[in-house]
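Colleague: Here you go, sequence then predicted model.
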Amino acid sequence: MPETLRPRVLVLGGGPGGYVAAIRAGQLGVDTVLVEAGRVGGTCLIRGCIPSKALIHAADRFADMAGSKTLGITIDGAPLLDLAQTIAWKDGVVDRLSNGVSGLLAHAKVRVVQGWATFSDAKSCTVETEAGPVQITAEHVILAAGSEAGGAACAAVRRQRHFVGRGAVAGRAAGAAGGGRRGGISGSNSASPSRSSAARSPSSRPPTVSCRATTRR
């Protein structure tokens, strides 16, 4: 038999909108369940703003060392970058913050159900988890599932995820979106003066982007 939960509040999505709402509801003593397909933290924490800024920080430090001769500072040999160690450090930053969010949810007595939710009506859904299906019926539902980019934004999102997943060449952060308008906050965090051909378009209007709701963040 599938497990059945009947919380007062169901939050769909573990990003900044979802986990903040769930934590606050739990702090107020409201029985709350949060559904997230992946790790809590959302795009910003897991694969967007936070890892991008971590890698850019490392690239800046490398560039400072490489250019120190102009300040009269001599380094014995050229600075070297162990990219695998840099990525491991970035992953450690993300892990600590995501674990911190999980700790806040646990402290607020919010139950986290990991999996994809399929709604049968406005307040009832089934979540497919590794342990089997979980049926949830709530009094109130908060949809904070984010979106997936479609159309012109897809390539920018793929470039940004590749950038934070594998890192950039030291001293040069590859442009993940060619500008904040087309790539969003995460894209602008990892953009450089090197622009894509789309960013050089004379049109000042942003492209039309189609999105669909999803629990993947």
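Modeller: Now that the structure is in, tell me what you want to look at. Residues are numbered from 1 along each chain as shown.

Colleague: helix, strand or coil for T126?
Modeller: When classified by DSSP: H, G, I helix; E, B strand; the rest coil, T126 comes out as strand.

Colleague: I'd guessed it sits against T137; true?
Modeller: No - when contacts are counted by CB atoms under 8 Å, T126 is not listed as touching T137 (10.2 Å). All C-beta spots, glycine's among them, are computed from the backbone N, C-alpha and C.

Colleague: For the protein, just list every one of the strands.
Modeller: With DSSP state E, the ranges of strands along the chain come out as 3-5, 9-12, 32-36, 111-114, 116-121, 124-129, 132-137, 140-143, 148-149, 211-212.

Colleague: any low-confidence regions in the chain?
Modeller: For the chain, the stretches with pLDDT under 70 are 149-217.

Colleague: hmm, who's touching the longest helix belonging to it?
Modeller: In the chain, taking DSSP state H as the definition, the longest helix is helix 83-107. Outside helix 83-107, the residues that touch it by CB atoms under 8 Å, 6 or more residues apart in numbering are 14, 19, 22-23, 26, 34, 39-41, 45-46, 50-51, 54-55, 58, 112, 164, 166-167, 170.

Colleague: List buried residues within these.
Modeller: Neighbour counting with 16 or more other CB atoms under 10 Å marks 14, 19, 22-23, 26, 34, 39-41, 45-46, 50-51, 54-55, 58, 112, 164, 167, 170 as buried within those.
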